[in-house]
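**Q** A predicted structure for the sequence below; I have some questions about it.
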Amino acid sequence: MAAKLRFNCTNNMAEYQACILGLKMAIDMNVHELFVIGDSDLLVHQVQGELAVKNPKITPYVQHVEKLCKGFHKIVFIHTPRIKNYLADALATIASMIKNPDTDYINLLDLDLKEHSVHCSYVEAEPDGLTWYLDIKRYLESKNYSEDAMFNQKKSIRRMALNFFLSGEHLYRRTPDLGLLRCC
């Protein structure tokens, strides 16, 4: 089976989509015992419960795979390094040579994540009239601190700056779910 994903996704999401497609095919073929060989160490260990799922966007995929696994009497996931996964490389090469009609796509899983609250914090003005993120922005722009910054303050600014980045004049904060919050 070869399929194209027609939505933007991470490599891990694509690995899970492929796994889900394979499991569905096996279920459709009335397979009761399945030996899954995967080259995604993360996927194999997350499905086996050996690694925690840190990215909330991956959680629904893991849950969907676990649900599909219940359709088998026995299912085993084994990790093989990509360099030794000759079969997958051969299939990927063949799949890339085949011209697929535009109708053969894998659609994005329809998932709702409504259990997380969304909060908005809005600061109209700081007591000194400067923005709360000024020190972070200054550090990212020029690696400089304010003149009166103490050692611990400098250390805090460096640590906080890891979660921010500049794009032109705009400062963005990375959220744990890989979203971006615009600060200015």
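**A** Sure, I can see it.

**Q** Tell me how far the closest residue in space to residue 141 that isn't next to it in sequence lies from residue 156.
**A** Counting by C-beta to C-beta, 6 or more residues apart in numbering, residue 166 is the residue found nearest to residue 141 once chain neighbours are left out, at 6.6 Å. To be clear about C-beta, it is placed using only N, CA and C from the backbone, and glycine gets the same treatment. Going from residue 166 to residue 156 by C-beta to C-beta, to the nearest Å gives 19 Å.

**Q** what do you get for residue 77?
**A** 43 Å.

**Q** just residue 179 next, same as before
**A** Residue 179 is 23 Å from residue 156, by C-beta to C-beta.

**Q** which one of these two has more residues nearby?
**A** The neighbour count for residue 179 versus residue 156, taken as other C-beta atoms under 10 Å, is higher for residue 156 (14 against 10).

**Q** Give the next helix or strand downstream of the helix or strand containing the more buried one.
**A** Here residue 156, judged by DSSP states H and E, is contained in helix 151-161. The helix or strand immediately downstream of helix 151-161 is strand 164-167, counting by DSSP H and E.

**Q** buried stuff in that following strand?
**A** residue 164 (16 or more other C-beta atoms under 10 Å).

**Q** I'd like the average pLDDT over whichever helix or strand comes after it.
**A** Where DSSP H and E defines the elements, the next helix or strand beyond strand 164-167 is strand 170-174. Average pLDDT, strand 170-174: 84.

**Q** Start at 694, not 1
**A** In the new numbering, first residue 694, that becomes strand 863-867.

**Q** so what secondary structure elements neighbour strand 863-867?
**A** Under the contact criterion of 3 or more C-beta pairs under 8 Å, 6 or more residues apart in numbering; DSSP states H and E, strand 863-867 touches helix 827-835, strand 857-860, strand 873-875.

**Q** can you rerun that using 7 Å?
**A** Other elements packing on strand 863-867 under the criterion 3 or more C-beta pairs under 7 Å, 6 or more residues apart in numbering; DSSP states H and E are strand 857-860, strand 873-875.

**Q** got a list of contacts for the longest helix anywhere in the chain?
**A** Ranked by number of residues, the top helix in the chain under DSSP state H is helix 704-721. Here helix 704-721 makes contact (C-beta atoms under 7 Å, 6 or more residues apart in numbering) with 694, 696, 698, 727, 731, 733, 735-736, 751, 754, 757-758, 761, 764, 799.

**Q** For that helix, list the C-alpha coordinates in PDB.
**A** Taking C-alpha atoms only, helix 704-721 is exported to PDB below (Å, rounded to 0.1, in the frame of the first residue of the first chain):
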ATOM      1  CA  ASN A 704       7.600  13.000  11.000                       C
ATOM      2  CA  ASN A 705       6.100  11.400  14.100                       C
ATOM      3  CA  MET A 706       2.600  12.100  12.900                       C
ATOM      4  CA  ALA A 707       3.400  10.500   9.500                       C
ATOM      5  CA  GLU A 708       4.800   7.400  11.300                       C
ATOM      6  CA  TYR A 709       1.600   7.000  13.300                       C
ATOM      7  CA  GLN A 710      -0.500   7.500  10.100                       C
ATOM      8  CA  ALA A 711       1.400   4.800   8.400                       C
ATOM      9  CA  CYS A 712       1.100   2.500  11.400                       C
ATOM     10  CA  ILE A 713      -2.700   3.200  11.600                       C
ATOM     11  CA  LEU A 714      -3.100   2.400   7.900                       C
ATOM     12  CA  GLY A 715      -1.200  -0.900   8.300                       C
ATOM     13  CA  LEU A 716      -3.200  -1.900  11.300                       C
ATOM     14  CA  LYS A 717      -6.500  -1.100   9.500                       C
ATOM     15  CA  MET A 718      -5.400  -3.100   6.500                       C
ATOM     16  CA  ALA A 719      -4.500  -6.100   8.700                       C
ATOM     17  CA  ILE A 720      -7.900  -5.900  10.400                       C
ATOM     18  CA  ASP A 721      -9.700  -5.700   7.000                       C
END
